[in-house]
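Undergrad: For reference, the sequence and a predicted model appear below.
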Amino acid sequence: MFGNHHNQDLDALYSFPVPEKAVVGEFTYWIDGLPVVGEVVRKQKARKIYEQQKAAGQEVALVEKNAYKTFDISVSPVKAHSDVRIRLVYVQAVHVDLGVGRYLYPLEDGGVDEAALAFWSRNEAVSEKFSFNLRLKSGYPLGAMRLPKHPAANIQQLSPQEWKVSLVNAAQQRVAIAGESLKRKGEYQEDKVQNQEEVQINEVTQASSTNFIPSTASAIKLNQDIAVYWRLQDGLPGSADMQVYREAGNSKGTFMMTLTPGDDLAPIYNGSDWVFVLDISGSMQGKYATLAEGVRQGLNKLRPEDRFRVVLFNNSATELSRGYLAATKPNVERMITSLSNHGPNGGTNLYEGMKKGLNGLDSDRSTAMILVTDGVANVGVTEKKGFLKLLERYDARLFTFVMGNSANRPLLQSMTDISNGFAVSISNSDDIIGQLMLAVDKMTHQAFRDVSIHINGGGVADITPEKLQTLYRGEQLVVMGHYFKPGEITVTMKGKIGAKKKRYKTTITLPDVDENNPELERLWAFEKIEQLQRRIDYLGEDADIQQAMVETALEYGLVTDLTSMIVVREDVFQQQGITRNNKKRVEKEQNARKGRKQQQAKPSRVDSHQPMFSSPRASGGGGSINGWLLFVMLGVLYLRMQLVTKR
């Protein structure tokens with residue numbers, strides 16, 4: 001809720017970083033004191049309606065996606081001496097890896113939009129009321145939970161299967177538009193936030209009795225992400241887990257299957273080559289210290305039989321190491337000292353950095369390339385297809401550390417996929433040491449290659465992803481799709497570990513009715529749209545594929561690069577010929593959330609009767625990461641202001 005204390009009406013634009021794999025499904029704007037849920041239409045149509053209603057002085061609100069950077073919310077008008085109330089809910093699939101789960105609530109600006117940074121001013125300190133509330137429900141034992149950058153967080157065990165995290169600053173009760181700056185207004189009672197901001201982990205825990213209570217809540221700034229970690233107990237079995245949604249009377253159901261293999265991947269003892277390609281461009285301001293610390297930790301984890309190179313890039317690329325160096329302590333210390341003499345500046349010639357890193361690879365040794373960047377290429381080659389063609393020419397696994405919010409994750413993920421590597425998102429609020437240990441653990445063990453999944457029965461269709469990637473130690477395989485015939489299905493997973501073929505099998509029963517998780521439909525649609533986008537990345541622009549992306553977004557109510565969400569008065573929806581499909585979907589999701597809130601945590605494992613894997617799953621110590629899949633539903637999202645303009 002925002003208040004305008006001026007004598008004239010204002011328009012407002014609120015902006016927040018796009019969370020990784022987030023699906024905006026609900027945007028509500030209160031008109032005449034009543035909540036009105038938005039509908040998704042083509043992006044150009046939504047903008048046209050917004051401008052028409054704004055010009056007519058009518059209440060209107062709009063949610064747009066600004067590429068991979070931000071979700072932007074426009075509201076008109078914020079009337080003089082009155083309030084505007086909005087609510088945004090997004091759904092997010094979050095994965096856990098090597099025994100530790102991670103959830104990131106993005107607040108820090110990514111620093112990649114130079115035009116916006118130069119023009120708009122921000123007030124990132126919250127002197128008013130701000131609260132962050134997270135609930136964690138689990139069907140598996142949980143060993144610990146922590147927030148690395150927020151030691152004052154209140155972490156409580158509510159029951160053997162439910163934990164709660166709270167952050168609240170000492171605050172006043174109202175927020176006003178002051179000059180050209182709009183602050184948060186925190187008027188919602190805390191119980192409303194708790195009811196609508198929830199994290200339900202569909203795999204998780206029986207918690208321990210640890211209970212941390214801070215002495216005093218301090219002021220919270222909006223320029224620091226909130227990173228939450230939890231660790232599952234060691235020794236949990238490899239397993240197949242599944243979440244399903246099938247409405248009564250509907251022939252089509254949606255499933256999300258998560259396979260967590262046992263720890264069958266042995267360590268690799270031969271020496272390896274490591275190529276560090278590091279972004280030192282100006283957009284890495286505020287992230288370079290985290291980068292340098294991560295590289296320091298990574299270099300110190302290398303074995304004496306390993307070799308390494310270091311390439312830096314901004315407007316151009318330079319090799320700091322001048323060839324391969326043995327990973328001895330003196331060489332590592334000299335490189336760390338040399339790295340500390342550099343700082344972020346200039347543009348981002350990512351292509352030249354990659355090209356220089358890939359040159360000079362030794363075909364007789366296993367090579368891993370570590371790319372640390374925000375991926376915002378703005379010098380030289382910038383088209384995605386150029387990067388993909390470059391990587392196709394080399395036999396090297398690319399492991400990407402995606403730095404900060406508003407990073408170009410679509411580009412970096414595509415580059416990682418084509419090299420059969422993996423990508424990890426990094427925040428300044430993260431446990432950087434734990435993230436590096438996770439990556440090193442994966443790269444020093446065998447990989448599960450040529451993975452395939454076969455599902456017999458159930459009338460299963462529309463499976464995503466189309467192409468399965470190599471699985472590394474501790475990783476999960478997540479498959480989504482539709483089914484049309486309830487009953488028993490057989491799931492078989494095949495692949496290779498070294499030269500040895502592996503095969504895992506189980507049976508699962510698909511239910512006739514399960515209305516507990518309607519959000520699965522939106523998550524499947526998001527994955528389908530991403531799958532279609534990958535086809536465009538490789539094949540080029542295609543009108544039919546784009547049309548399929550738009551139709552999927554419209555059917556499932558998703559804000560994408562091609563669609564936006566508009567809120568107007570009910571009579572205007574009718575005048576514009578916009579059916580209220582999303583309103584009906586939101587009602588189902590809200591009812592399901594209320595029901596889940598009253599339920600105990602439910603185990604999602606579906607292979608207990610016929611275990612798919614014979615050995616325990618991999619787990620890591622010292623902050624590295626593993627586990628299941630979880631839903632994140634964030635309601636009543638208090639949005640950070642980017643700009644306010646006078647009408």
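TA: That came through fine. Just so it is clear, the structure is predicted and the values come from calculations on it, not from any experiment.
Undergrad: Of all the residues in the helix or strand harbouring residue 582, which ones are buried?
TA: Using DSSP states H and E, residue 582 sits within helix 581-598. Across helix 581-598, burial judged by 16 or more other C-beta atoms under 10 Å covers 582, 583, 585, 586, 589, 590, 592, 593, 596. All C-beta atoms are positioned from the backbone trio N, CA, C, and that covers glycine.
Undergrad: looking at it, the last one is touching residue 515, isn't it?
TA: It stands for residue 596. No: using C-beta atoms under 8 Å as the test, residue 596 is too far from residue 515 to be in contact (10.8 Å).
Undergrad: Over to residue 228. Which of the three states is it?
TA: Classification of residue 228 using DSSP: H, G, I helix; E, B strand; the rest coil returns strand.
Undergrad: which residues does it form a beta bridge with?
TA: Taking DSSP bridges as the rule, residue 228 bridges to residue 103.
Undergrad: same check, this time on residue 504
TA: Residue 504 forms beta bridges with residue 493, as assigned by DSSP bridges.
Undergrad: for stretch 302-311, which positions count as buried?
TA: Quick answer for stretch 302-311 (16+ other C-beta under 10 Å): 302, 306, 307, 308, 309, 310, 311.
Undergrad: if I pick the residue sitting furthest away from the middle of the chain, what's in contact with it?
TA: In the chain, the residue that sits farthest from the middle, by C-alpha atoms, centre = their mean, is residue 7; the gap is 40.8 Å. Neighbouring residues of residue 7 by C-beta atoms under 8 Å, 6 or more residues apart in numbering: 80, 81.
Undergrad: Tell me where the stretch 201-350 of the chain is predicted with low confidence.
TA: For the stretch 201-350 of the chain, applying pLDDT under 70 flags the ranges 201-222.
Undergrad: ranges for the strands of the stretch 501-647 of the chain?
TA: Under the criterion DSSP state E, counting those that start in this stretch, strands of the stretch 501-647 of the chain are mapped to 563-567, 629-634, 641-646.
Undergrad: Show the low-confidence segments of this protein, by residue range.
TA: The chain contains residues with pLDDT under 70 at 109-129, 160, 169-222, 405, 432-433, 620-647.
Undergrad: quick one: buried residues of the lengthiest helix in it?
TA: Longest helix of the chain, by residue count under DSSP state H: helix 519-539. Applying a neighbour-count criterion of 16+ other C-beta under 10 Å, one finds 519-534, 537 buried in helix 519-539.
Undergrad: same deal with stretch 608-619?
TA: Those would be 611, 612, 613, 617, 618, 619, for stretch 608-619 by 16+ other C-beta under 10 Å.
Undergrad: Could you dump those residues into a markdown table with distance to residue 273 added?
TA: Converted to a markdown table, these look like this (distance: C-beta to C-beta, whole Å):
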| residue | distance to residue 273 |
| --- | --- |
| 611 | 38 |
| 612 | 35 |
| 613 | 32 |
| 617 | 29 |
| 618 | 24 |
| 619 | 28 |
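Undergrad: List the contacts of the helix or strand hosting residue 242.
TA: Using DSSP H and E, residue 242 maps to strand 239-245. Residues outside strand 239-245 that contact it (C-beta under 8 Å, 6+ apart) are 202-203, 253-260, 491, 506, 508, 510-511, 514-521, 604-607, 611-613, 617, 628-629.
Undergrad: Unless I misread the structure, the residue farthest from the centre of the chain falls within a helix.
TA: No: counting by three-state DSSP, residue 7 is not part of a helix but coil.
Undergrad: Spell out the residue ranges of the helices in the protein.
TA: Under DSSP H, the chain gives helices at 43-55, 114-119, 190-196, 288-301, 329-340, 350-358, 384-392, 409-418, 432-443, 519-539, 543-556, 570-575, 581-598.
Undergrad: right, so of those helices, which gets closest to residue 265?
TA: Closest approach to residue 265 among those (C-beta to C-beta): helix 432-443, 8.9 Å.
Undergrad: Could you figure out how far the longest strand anywhere in the chain is turned away from helix 581-598?
TA: Ranked by number of residues, the top strand in the chain under DSSP state E is strand 131-146. Here the directions of strand 131-146 and helix 581-598 differ by 50 degrees (axes from the mean of the first three to the mean of the last three C-alpha atoms, to 10 degrees).
Undergrad: could you say what helices and strands strand 131-146 packs with?
TA: strand 154-159, strand 162-168, helix 190-196, strand 197-200, strand 204-207, strand 226-232 (3 or more C-beta pairs under 8 Å, 6 or more residues apart in numbering; DSSP states H and E).
Undergrad: repeat that with 6 Å
TA: strand 162-168, helix 190-196, strand 197-200, strand 204-207, strand 226-232 (3 or more C-beta pairs under 6 Å, 6 or more residues apart in numbering; DSSP states H and E).
Undergrad: and that strand, which residues are buried?
TA: 131-143, 145-146.
Undergrad: repeat for stretch 241-248
TA: Buried residues in stretch 241-248 (16+ other C-beta under 10 Å): 241, 242, 243, 244, 245, 246.
Undergrad: Now flag whichever of those residues is closest to residue 434.
TA: Taking C-beta to C-beta as the measure, residue 241 is the one of the buried residues of stretch 241-248 closest to residue 434, at 23.7 Å.
Undergrad: What's opposite that closest one in the beta bridge?
TA: Beta-bridge partners recorded for residue 241 (DSSP bridges): residue 258, residue 605.
Undergrad: Can you give me the buried ones in stretch 494-505?
TA: 495, 497, 502, 504.
Undergrad: what two of the residues you listed are the furthest from one another?
TA: Longest distance between any two of these is 11.6 Å, between 497 and 504; criterion C-beta to C-beta.
Undergrad: any idea how far residue 346 is from the closest residue to residue 353 other than its chain neighbours?
TA: Of all residues not flanking residue 353 in the chain, residue 313 sits nearest, at 3.0 Å (C-beta to C-beta, 6 or more residues apart in numbering). As for residue 313, its distance to residue 346 is 9 Å (criterion: C-beta to C-beta, to the nearest Å).
Undergrad: Could you verify my assumption that residue 402 touches residue 422?
TA: No: counting by C-beta atoms under 6 Å, residue 402 stays clear of residue 422, with 10.9 Å between them.
Undergrad: burial of residue 154, as a residue count?
TA: Residues near residue 154, counting by other C-beta atoms under 10 Å, number 16.
Undergrad: Many thanks, have a good one.
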